[in-house]
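Peer 1: sequence unavailable; structure follows:
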């Protein structure tokens, strides 16, 4: 089961994944993160490498730190949707 | 009784289209959704039982269920600017839960969990008028170890028996797929060939073969979400699929399918 695209999320990355989850699913946290990424990351008690990988958001670094690829993907999409809502067509 | 069975893509770009997305492809998938909506109107279901994989929205790492049933009076969620709320067909949800447990499936149930967009997107496009209540059924797709394809198929077979024994007219819908790799290096390379070969097998009524797929194969082909289809296939047996569309975008195999029941 090695080399899966979606591997088991390592427990050591729990806080990082919780932060990505909050960006994705908690609009207030997402807004705080957009305004002050490092402050919001500190609120989530992230390590220095985790904080650096979040701002600017570095997908490869986040995944290598144990971030769940889907959470990384959707956190990035949510940030983009919040930042540039006008560029999107809604059905 | 079971009156219809459908599978629908739910990729968010079908709901909220960024400039990177080919509008014509999106509209062709919408046209296939419209056919499902017409079919649902003709089938006059009392409820839609919808099987989807939560995208780590209702269930984060604090508690990861393999299979779950929403049994509240209603369920709700949000995605971007969309706020949605659906009544739950409570007697049917209770029956699925209780009879599922009776048949040996240790189902988690929730009366309050948020509803992921995987449930919302197909319902947004296909809910007939007047709308009918739903029963959301979660199958873990994104947090390994997921239930095996074999287990999903067995659950679907039990679910099909439960639905057929009910007095209500029930449509079963699987949400998800086909090949896509969000958040990975393979995002721009969905396995379109694998998808097309699978659709041929489904059209030939050979869906039960998917129960023998491995977790590795589903992951390798970008099809971890097909656990929702495999669950549905357990319920519809060797019925031959009618493919309403297969519209691969640069990152996602969008399919809409119906199975006669």
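Peer 2: Happy to help now that I have it. Keep in mind that what you see is a predicted model, and the values were worked out from it rather than measured.
Peer 1: so residue B:67 bridges to which residues?
Peer 2: Applying DSSP bridges to residue B:67 yields these beta-bridge partners: residue B:139.
Peer 1: tell me the SS of the closest residue to chain A within chain B?
Peer 2: Distances between chain B and chain A by CB to the nearest CB are smallest at residue B:183, namely 3.1 Å. The C-beta positions use only the backbone N, C-alpha and C, and glycine is treated the same way. At residue B:183 the chain is in coil, as set by DSSP: H, G, I helix; E, B strand; the rest coil.
Peer 1: how many neighbours does it have?
Peer 2: 24 (other CB atoms under 10 Å in any protein chain shown).
Peer 1: quick one: it and residue A:69 touch, right?
Peer 2: Yes: counting by CB atoms under 8 Å, residue A:69 is a contact partner of residue B:183 at 3.1 Å.
Peer 1: could I get the full set of strands for chain A?
Peer 2: A:89-90 (DSSP state E).
Peer 1: in terms of helices and strands, where is the spatially closest residue to residue B:9 that is not a sequence neighbour?
Peer 2: Distance criterion CB to CB, 6 or more residues apart in numbering or on different chains; nearest residue to residue B:9, sequence neighbours excluded, is residue B:254 at 4.2 Å. Using DSSP states H and E, residue B:254 falls within strand B:253-259.
Peer 1: which residues does residue A:27 contact?
Peer 2: A:82, B:78 (CB atoms under 8 Å, 6 or more residues apart in numbering or on different chains).
Peer 1: what does chain A have sitting close to chain B?
Peer 2: A:1, A:4-9, A:14, A:17-18, A:21, A:24-25, A:27, A:59, A:63, A:68-74, A:77-78, A:80-81, A:85, A:87-91 (CB under 8 Å from any CB of the partner chain).
Peer 1: the residues you listed in helices, which ones?
Peer 2: Among the residues of chain A next to chain B, the ones falling in helices (DSSP state H) are A:14, A:17-18, A:21, A:24-25, A:27, A:59, A:63, A:69-74, A:77-78, A:80-81.
Peer 1: residue B:202 in helix, strand or coil?
Peer 2: What three-state DSSP gives for residue B:202 is helix.
Peer 1: name the nearest residue to it, ignoring sequence neighbours.
Peer 2: Using CB to CB, 6+ apart, the nearest residue to residue B:202 is residue B:241, at 3.9 Å.
Peer 1: and the nearest residue to residue B:113 once chain neighbours are set aside, what is it in contact with?
Peer 2: Nearest non-adjacent residue to residue B:113, counting by CB to CB, 6+ apart: residue B:58, 3.8 Å away. Residue B:58 is in contact with B:68, B:110, B:113, B:114, B:115, B:116, B:138, counting by CB under 8 Å, 6+ apart.
Peer 1: tally of neighbours for the second one?
Peer 2: By that I understand residue B:110. Summarising burial for residue B:110: neighbours were counted as other CB under 10 Å, giving 19.
Peer 1: ok, residue B:94 - contacts?
Peer 2: So residue B:94 contacts residue B:71 (CB under 8 Å, 6+ apart).
Peer 1: any idea of the pLDDT on residue B:195?
Peer 2: As predicted, residue B:195 sits at a pLDDT of 98.
Peer 1: same check, this time on residue A:1
Peer 2: In this model, residue A:1 carries a pLDDT of 45.
Peer 1: give me the nearest residue to residue B:190, chain neighbours excluded.
Peer 2: Counting by CB to CB, 6+ apart, the residue nearest residue B:190 is residue B:179, at 4.0 Å.
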